[in-house]
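In: quick one, what's the 3D model for this:
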Amino acid sequence: MIYLKNLNKQFGPKIILENVSFHLRPGERVGLVGENGAGKTTLFRIIMQADSADSGKVIIRKDTQAATLEQELDDFNGSVLERVMSGDPAFHAIQIEMSKLEKKMYADSNSNATTSRYGELQHNFEQLSGYEREPKAYAILSGLGFSNDKIKKPISQFSGGWRMRVEMARLLLRNPGILLLDEPTNHFDLKSVEWLEGFLKNYGGSLLLISHDRRFLNSTVTRIVELDRGTLTNYPGNYNDFERLKKNRTLQLQSESANQKKRVNEIERFIERFRAKNTKAKQVQSRIKMLDKIELIETTTQTKTVGFRFPQPTRTSRTPIKLENIKKSYGELVVYNNFSISLERGFKIALVGENGAGKSTLIKLLAGITSHDSGKIEIGHNVTRAYYAQHQSDTLDSEKTVLESMTGQNQNLLRTQVRTILGSFLFSGDDVEKKVGILSGGERSRLSLARMLASPASLLLLDEPTNHLDIRSREVLSAALADYEGTLCVISHDRYFLDGFIDRVWEVSNGFVKEYVGNYSAYENLKIEEFEIELLKPKAAGKTPSASPYLQDRDRKRLEAEERNRKHKTLKPLKINLKTVEDQLENILEKKITTQKTLANQNTYEPKSKELLLKTLKQQAQLATEEKTLTKEWEDLLSQIEHYEAENI
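Out: Coordinates of the predicted model:
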């Protein structure tokens, strides 16, 4: 699908790509990884012809469309749905032209050329599944967290993060043969990340993905290519396989490099020893030529690791913060009403829940960023709060250097300790003398987090702290938070990151919080258990069996028998309805074939057949609407049947 041949790219003295060749095969899913600044985004831009290589070729298979998520948001005055539907320029152009021609035909300005052109466009419209696009757009937007009422709202009413979700939906509806995604989950919540994972698993095209979410990479790719000092190295498998294979390769290269250096030292000693002896001149010259031909083995880049314990906060009272009978609303929307909860000292909590459930509102209430309408918030003894959000880096002074930004933060730390903290967040050497104003978004995020951990509050409240952080930076932050002795509450879409330090999950739903003890993986397992138990519950009114997973064997068998009977009673009418809908769809399809034959007939477009043409077009639109409704009903019935048949009884 994509062939890169001998690409070279250089910015000043820095080599980004050096003789890079790569092949993305049909249907393949590849993850592109590398250190920050390695050139991953530059490579994407070269493939999409938004940037050019100094030399080399980019070949994309003929008639194959490659598309990427646009980072620059243009002005658009329509609704969310209209924006998503306009994602394919070719299809959008067909829609506009068809609309113009329809107005002409209905205004009695019909002509052979007009009707003939309309017939061509109608054929192209159907080939591009025009009638199925709107239901598919609804499904994609729903998966990305948009409710039906939001889908119809003007896009101008949404924040930048939500608009990026719209752009993602627009791209996915376009369904190009090749998807190039650069950090696609940055503006998503957990549910949307999980939905996108499932979508990409079923995507039929080729995928080239940049992501710093290990679990997302593990779920979606089958090959990793690492960009390191201008060269690409292939590793089969997902990210976990890559780490294992890279470690083995690193050890092998280090061994080979050590042996090579030993051999080079021996040759150099011989040359120095016998350079002045005429009797050894021939052997000396031979070894000098041998040295010139040796290509030194390059070992892999050694990633930096944390070797420093971050400062710890002051010990607080047992309950750092308590919310009592809180009410919080935005206009008519009541998010919390008579809501009470407390954080105990040392809790490390992940907030999860559906989009719009109130996670960000809760963390802002805890941080004191948002005021409550009524109720009481009590702060414990010795408690200091620190809130980190995605815009936190905007508070940095652009005129200060990285080092100056840190030294003014905590006067108790020695300069060497400050440098160690900065090194942990990948600021080393001359990097610490950079002005904040020239830092990238990722570098500013790392600096903000380093400042926060250099002088930690006793209550940390973090809203998506991993955005713009690469995998190594996330590991540094996760290790620091695991070592942190205070209380923290975090919202994050990176499940692997959460597993590294949290000890409980708060699930936010309908203005309430349900607590699960353990990390995020334990929470997922408990949710599966809850679902399985719910399936085993008898449906008869008034019966509420124990939700314990340790059901007695006799009770379990009785419940299984009841469940089989329930399944049969449920499935029978569903299957009858499915057959009825299938018969209706068959009838619709037969009528569509007749309509298409009429439209394919050149005589239909004669001036004398204008009435027939308009009648046929009206019938075709009506059939398309009926087909869409029946198809949705058929899919719902089939989904219900598959759900019940898949239950393990």
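
In: need the per-residue pLDDT for the residue nearest to residue 355 when sequence neighbours are not counted.
Out: Leaving aside its sequence neighbours, residue 355 sits nearest to residue 145 (CB to CB, 6 or more residues apart in numbering; 3.6 Å). Heads up, the C-betas are built off the backbone N, CA and C, glycines and all. In the predicted model, residue 145 carries a pLDDT score of 85.

In: one more: residue 389?
Out: pLDDT at residue 389 comes out at 82.

In: gap between it and residue 189?
Out: 14 Å (CB to CB, to the nearest Å).

In: how about the residue nearest to residue 355, secondary structure?
Out: coil (DSSP: H, G, I helix; E, B strand; the rest coil).

In: and for residue 349?
Out: At residue 349 the chain is in strand, as set by three-state DSSP.

In: mind telling me what element the residue nearest the centre of the chain is part of?
Out: Nearest to the geometric centre of the chain sits residue 185, at 2.2 Å (CA atoms, centre = their mean). Counting by DSSP states H and E, no helix or strand carries residue 185.

In: thought it was touching residue 214?
Out: No: taking contacts as CB atoms under 8 Å, residue 185 lies outside contact range of residue 214: 11.7 Å.

In: coming back round to it: ok, now which ones touch the residue nearest to residue 355?
Out: Contacts here follow CB atoms under 8 Å, 6 or more residues apart in numbering; on that basis residue 145 touches 165, 188, 189, 191, 192, 354, 355, 356.

In: what is the nearest of those residues to residue 325?
Out: The shortest approach to residue 325 among the contacts of residue 145 belongs to residue 356, at 22.7 Å (CB to CB).

In: from residue 527, how far out is that closest one?
Out: Computed as CB to CB, the residue 356 to residue 527 distance reads 19 Å.

In: list the contacts for residue 155?
Out: Residue 155 makes contact with 76, 78, 79, 80, 83, 163, 166, according to CB under 8 Å, 6+ apart.

In: how about the strands in the stretch 101-250 of the chain?
Out: Applying DSSP state E, counting those that start in this stretch to the stretch 101-250 of the chain gives strands spanning 178-182, 206-210, 223-228, 231-236.

In: same check on the stretch 301-450 of the chain?
Out: Here the stretch 301-450 of the chain has its strands, by DSSP E, counting those that start in this stretch, at 321-330, 333-343, 348-352, 374-379, 385-388.

In: tell me where the model's unsure across the stretch 201-350 of the chain.
Out: Filtered on pLDDT under 70, the stretch 201-350 of the chain yields the residue ranges 279, 297-309.

In: one more time with 80, if that's ok
Out: Along the stretch 201-350 of the chain, segments meeting pLDDT under 80 span 249-258, 260, 263, 270, 273-284, 287, 289-310.

In: mind listing what's buried in stretch 15-22?
Out: 15, 16, 17, 20, 22 (16 or more other CB atoms under 10 Å).

In: circling back to that earlier point, out of residue 389 and residue 189, which sits in the busier spot?
Out: Neighbours were counted for residue 389 and for residue 189 using other CB atoms under 10 Å; residue 189 has more, 25 against 20.

In: quick one: contacts for that one?
Out: Residue 189 touches 145, 355, 359, 491, 493, counting by CB under 8 Å, 6+ apart.

In: swap in residue 51?
Out: 42, 45.

In: mind checking pLDDT for it?
Out: For residue 51, pLDDT reads 89.

In: quick one: it from residue 274, how far?
Out: In this view, residue 51 and residue 274 are 53 Å apart by CB to CB.

In: and the least confident of the contacts of residue 155?
Out: Ranking the contacts of residue 155 by pLDDT, residue 76 lands last with 77.

In: surely that residue meets residue 83?
Out: Yes: between residue 76 and residue 83 there is a contact at 5.3 Å, judged by CB under 8 Å.

In: residue 460 bridge partners, please.
Out: Beta-bridge partners recorded for residue 460 (DSSP bridges): residue 386, residue 488.

In: double-check it against residue 477; I have them as touching.
Out: No: using CB under 8 Å, residue 460 makes no contact with residue 477, being 11.1 Å away.

In: what's around the nearest residue to residue 90 once chain neighbours are set aside, how many residues?
Out: Distances taken as CB to CB, 6+ apart put residue 128 closest to residue 90, at 7.9 Å, once the chain neighbours are dropped. Neighbours of residue 128 under the rule other CB under 10 Å: 16.

In: cool, the one 3 residues further on as well?
Out: For residue 131, the count of nearby residues is 17 (other CB under 10 Å).

In: now, which of the buried residues of stretch 15-22 sits nearest residue 473?
Out: For the buried residues of stretch 15-22, the minimum distance to residue 473 (CB to CB) is 20.6 Å, reached by residue 16.

In: what angle sits between the helix or strand where that closest one lies and strand 231-236?
Out: Using DSSP H and E, residue 16 sits within strand 14-24. For strand 14-24 against strand 231-236, the angle by axes from the mean of the first three to the mean of the last three CA atoms, to 10 degrees is 40 degrees.

In: strand 14-24 - what's its average pLDDT?
Out: Mean pLDDT, computed over strand 14-24, is 89.

In: check stretch 466-481 too.
Out: Averaged across stretch 466-481, the pLDDT comes to 84.

In: contacts for that stretch?
Out: With CB under 8 Å, 6+ apart, stretch 466-481 has contacts from 33, 35-36, 183, 186-187, 212, 214, 303-306, 310, 348, 390, 424-426, 440-442, 444-446, 449, 453, 460, 465, 488, 490, 492-494, 497, 500-501.
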